[in-house]
Every structure is written in C-alpha cells, then in structure tokens.
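Asker: Fold the following and give me the result.
(2 chains)
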Amino acid sequence: MIQNILEFAYLIASVTFIIGLKMMSNPKSARQGNLIAAAGMSLAIAGTIFLYENGEGLTSREPIKMGLIFVAILIGTIIGWLTAKRVQMTKMPELVSMFNGMGGACAAMIGLMEFHHNVGNTGPQMAVILGMIIGSVSFSGSVVAFLKLNGTMQKPIRIPSYNILNSVILVGVLIFSGYVIFSGTSSSLLLYLLFAAALFYGIMFVIPIGGADMPVVISLLNSFTGLAAAFGGFLYDNKVMLTGGILVGSAGTLLTIVMCKAMNRSLWSVIFGAFGESAAVAGSSSTMKGSIKDISINDAAVLMNYSKKVIIVPGYGLAVAQAQHVIHELENLLEERGVEVKYAIHPVAGRMPGHMNVLLAESNVDYGKLVEMEEINPEFNSTDVVLVVGANDVVNPAAKTDPSSPIYGMPILDVENATNILINKRSMNAGYAGIENELFYNPKTSMLFGDAKSVLTKLVTELKSM
Amino acid sequence: MEAILDFIGTNKEILYFVILSIFVGIEVIGRVPTVLHTPLMSGANAIHGVVVVGAIIVMLDVSPTDYISLALGFVAVVLGTLNVVGGFVVTDRMLEMFKKKK
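Answerer: Okay, here's the model as predicted:
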C-alpha cells in the first residue's frame, strides 16, 4: 500500500516534468511550467524520504540518518537559493554550468557508493559504472566550462591533435569500464582509478572548446547529467529518476542541436572543430586596410536626435558595464523626441541565447522592442543610426565574406546597410572570438570609445541639453 | 543474437518506456523560440536534479554505523539539492522577466 502511494507520487512528479518542460517552451506559460516541475520534484523527494522501502528490507530510518538527510537538504537549499537569487544576470551561464556539475557529481557519488553492493551483477553494475562515469565527465566538464565563462581560464589552451588524444582517452575509459563491469572485480583501487580517468576525460573534453561555444557545451553536459540520472533510475528501478533523466537527456540533446543551428555551426565542428586553431591562422591576415574614425559625444547625440529610426545592437559589453538601465533611459529620451527605437537581438549576443533579452527585461525595456535577428535584418537599410554597444562578433562581416574566419557562416546582423554606424567599445581589443572586425573600418562607421555605461550616460546628458 | 532477443523479451516494458520517453523529450522541445533556449536549458538542468532521489535512497539503505557511506551520502544529497533548488530558482529568475508590459 505504502509503496503504491510512493509510486503514485513518482507518477505525478514524472507528469509534472513533462508538462513543465512543455510549458517552458512558450513564453506565456514558461514561468508556471517551471513552478509545476518544481512542485513535482518536491513531491518526489518528500515521498522518497518518508515512504521509500528497499525490496530486501535494507531500509532504516534511524534519527541519525534522517537528521543527516534533512540537514543536507537544508544546506543545499540555503546555498542554492541564495546563490541563485543573489548572482548578477551576467553570471547566469556560469551558474547554470555549476549547478549542472553538482548534479553530475551527485550521480557520480551514487555510482561510487553502489559499486560494492553490485559486484558480480553485470546488469546493475553496468548502470552503476556508466552512471558514475557520465556523472564524472559532466562534473569536471562543467567546472571547466564555469572557469572559462568566469574569465579565470582566459587563454584557449592549445593542445596539439586534441581530437586524436581525446578519442584515445575515451576509448581507454570505455575499455577500462568494460573490464571493471564484466570481470566482476571488487577492487576499490580500480574503481577510483576509473573515476579519476573519467574526471580527466571531462576536463580534456571541454578545455579545447572555444569560449564562444560554451553555451552549446553546457547544454550537452546538461543532457549528460540527465543520462547519468537515468542510469541511477535503471539501478534502483526508480521511475521518477528514469523519467527525469531520459527526458532531460533527450530534450537536452535536441536543445543542443537547435542551439548549434541558431549559431549556424554544426555540433561536430563545436566539439571537434578547432575554433581556437583557425583563429591563429586568421590572425595572420589581420592587417586591416583603412582607418578608424572617432566621433564626439556631441556629434553622436546630434546624429541620433535628428534621426527617424535608431536600432540598438546590445552585446556582452553592455552587460558587463551594467549599462542596461542607461540604455533604456537613452531609448526613452529618443522616443520622446519622435525617434523610433528598436533593439536588434542576435541569437548568441551575450554569453547565451536569450541572455540579452533577460538583461534588457531586467531594466524594464518593453519586450516588444526586442526584435530577433531574422525579423530586424531587412530593416537596417531604412535605419538612420545603428548604435552597437559592446557587441562585436555578431556584426562582423567576415562571417559572410571570409571563409577562413572562425565565425564564417554564422548569420550576423546586417548593420552595414544602415546610413550611420556608431560602435561603442572599451578599446580596439578583439571581441570574444578573438578576431579583427572590418566593420570598424567601414566609411559609415564611427567609434565611440569608452566604457558603455559612461559613454551612454554622457550621451543621455548631451541629449537632455538639446 | 539469441541473447539480444532474450534481453528484449525480458525487458520489453523498460524498452518501450525508454523509447517513448526519448520521443517525449524531443516533442516537448519542438519549436522553442531562441529567446527561451537558456531558460529551458536551466529548467531541464533543474529537472535532472531528480538524481538527488538516488542519493537519498543510498542514505536510507546504508547501515547506520557505516560512517563513511553516511558522510559520502550526505555530500551527495547536498550536491543534488543544490542542483534542484539552485536550478529552479535560477530558471524562475530568468523567466520572471517575461512579463508583457502594458
């Protein structure tokens, strides 16, 4: 009877995961979808704590165990809640990666702990080892992704023939695990060596991948952790772990592919393509012809004031300078003077798809003013002024013209069709992709150097005095 | 060959379950607007935190005097809970901004 109640709880939870995910693919229902899934999750966890019984009578609920479980949940909840609430929007991608890593680590530890109980049972042991390995890869990979997005790992680490190296390591890990599973060994040493090997592979997998591709990698690691959770579900014949795990594994994989399409890069080239390496090649062709024009704040303000239409292209630089509120002020000022203002949002502006939207929404920019790339590209040739703030690669014409460029093929915002192009950057340093941008040398372009927030604030002040 | 067919025969329910779940996962992601990619990834991230259920099971089934396992299990539950709570809260933060302003 009690077991039936628990199975019912798991059933409800599984359904909430499915419905929740479905609702999260539509802006109107997204927030409720998340809450519904959270409710289902709480049910599954509570049900397990109070009702779970192992078929062979191993389960016991001594006060010490229950106490530890509750304290652990309390600690996880407090730290998780506070971190998620307090962190700046610009750090979202890192945070998602970190939480993913935590899940992977949890799956890995379950594998480590269940190893000795399943020695000799090939089937269950397979679930144990696979869950452990995939969880470990996801954990160490997520940590590396976190460090790369964090800026702690700035320089791409060039490893010669890393594709071959990684393939060899992977095959090695697989053979090693095959041995551990099928030989029925109970050696802790072998187990922990395998664990270390898997962690190592996770690091090696993510390290050669360029920072700009991190969102794709995080999505992939996300589905890995889902897979690891599914293996836990196989081990315990636990339906809610199975549902959650497989759902995230498959949805996560598809989402990864969809993200790649939005960047016009194939998943293959993200993982195996040398994004870092071709930048070294393209770097040598960086003798740009022409010169760069500055523009004064006053002239820029006049230009925008008397325009009919201004399109703002926000990028990561805007976020880093925390200038999203000032840009909203600028937008309002211009609109008061009869200038039509829109924001052109490139799919990978910022550090992740949707990142810019979230940032701008944080400063109350009207959702309707944020226009997706495909919709806004035709409007550039009727635009008087394009203001590019802290964006670089997403407006780099090399994506269309230079087959040797690492960003070649990526759809970009066609800002060069506008009458005037104003670009705000801190300096002439290369953007995230590390390559030169010939847009800066375009005769229609003028540069506004300086920190986004201070430049925009000065623009606002100028406009107010007109 | 026979072994494979045997496997399919004994495990047919699970196989159907896995295959159907994979399709559900794919269907659910269907047409997602680019703007929701990140919140969706974050939401999926939170859902795979269900792995914490496994950690709790380990804690419940372990001997109360096996201090090492209790300690490891404790850590595992903390990690899993971080994934769950952090994941859902972060996703909510990303999504609260999708309010149409009138």
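
Asker: Where does the prediction get shaky in the stretch 251-400 of chain A?
Answerer: Along the stretch 251-400 of chain A, segments meeting pLDDT under 70 span A:264, A:273-289.

Asker: Now for A:Thr401, how many residues are close by?
Answerer: By the measure other C-beta atoms under 10 Å in any protein chain shown, the count of residues near A:Thr401 is 10. Where you see a C-beta, it was placed from the backbone N, CA and C, and this is true even at glycine.

Asker: Sorry, slip of the keys, the one I care about is A:Ile312.
Answerer: 25.

Asker: show me what contacts it?
Answerer: A:Ile327, A:Glu331, A:Val341, A:Lys342, A:Tyr343, A:Ala344, A:Val386, A:Leu387, A:Val389 (C-beta atoms under 8 Å, 6 or more residues apart in numbering or on different chains).

Asker: in which helix or strand would I find the third one?
Answerer: Secondary-structure element containing A:Val341, defined by DSSP states H and E: strand A:340-345.

Asker: quick check, stretch B:48-55 touching chain A?
Answerer: Yes: Stretch B:48-55 lies within reach of chain A by C-beta under 8 Å from any C-beta of the partner chain, at B:His48, B:Gly49, B:Val50, B:Val51, B:Val52, B:Val53, B:Gly54, B:Ala55.

Asker: Check which helix or strand the residue lying closest to the third one once chain neighbours are set aside maps to.
Answerer: Spelled out, it's B:Val50. Spatially, and ignoring its direct neighbours in sequence, B:Val50 is nearest to A:Gly244 (3.6 Å; C-beta to C-beta, 6 or more residues apart in numbering or on different chains). Here A:Gly244, judged by DSSP H and E, is contained in helix A:239-262.

Asker: In whatever helix or strand comes next after that helix, which residues are buried?
Answerer: For helix A:239-262, the following helix or strand on the C-terminal side (DSSP H and E) is helix A:267-271. Neighbour counts over helix A:267-271 (16 or more other C-beta atoms under 10 Å in any protein chain shown) mark A:Leu267, A:Val270, A:Ile271 as buried.

Asker: Residue ranges of each domain in chain A, please.
Answerer: A:91-273, A:297-464 (automatic domain parsing).

Asker: low-scoring pLDDT stretches of chain B, where are they?
Answerer: Ranges of chain B meeting pLDDT under 70: B:98-102.

Asker: how many other residues sit next to the residue in it positioned nearest to chain A?
Answerer: As assessed by C-beta to the nearest C-beta, chain A sits closest to B:Thr81 within chain B, at 2.6 Å. The number of residues packed near B:Thr81 is 27, by other C-beta under 10 Å.

Asker: Could you point out the longest helix of chain A?
Answerer: Taking DSSP state H as the criterion, chain A has its longest helix at helix A:122-150.

Asker: so what's A:Thr16 closest to, chain neighbours aside?
Answerer: Per C-beta to C-beta, 6+ apart, closest to A:Thr16 is A:Gly40, 2.7 Å.

Asker: May I have the phi/psi pair for A:Leu448?
Answerer: Main-chain torsions, A:Leu448, degrees, to the nearest 10: phi -120, psi 100.

Asker: what angle separates the helix or strand where A:Ile36 lies from helix A:239-262?
Answerer: A:Ile36 belongs to helix A:30-51 when elements are defined using DSSP H and E. Computed by axes from the mean of the first three to the mean of the last three C-alpha atoms, to 10 degrees, the angle separating helix A:30-51 from helix A:239-262 equals 150 degrees.
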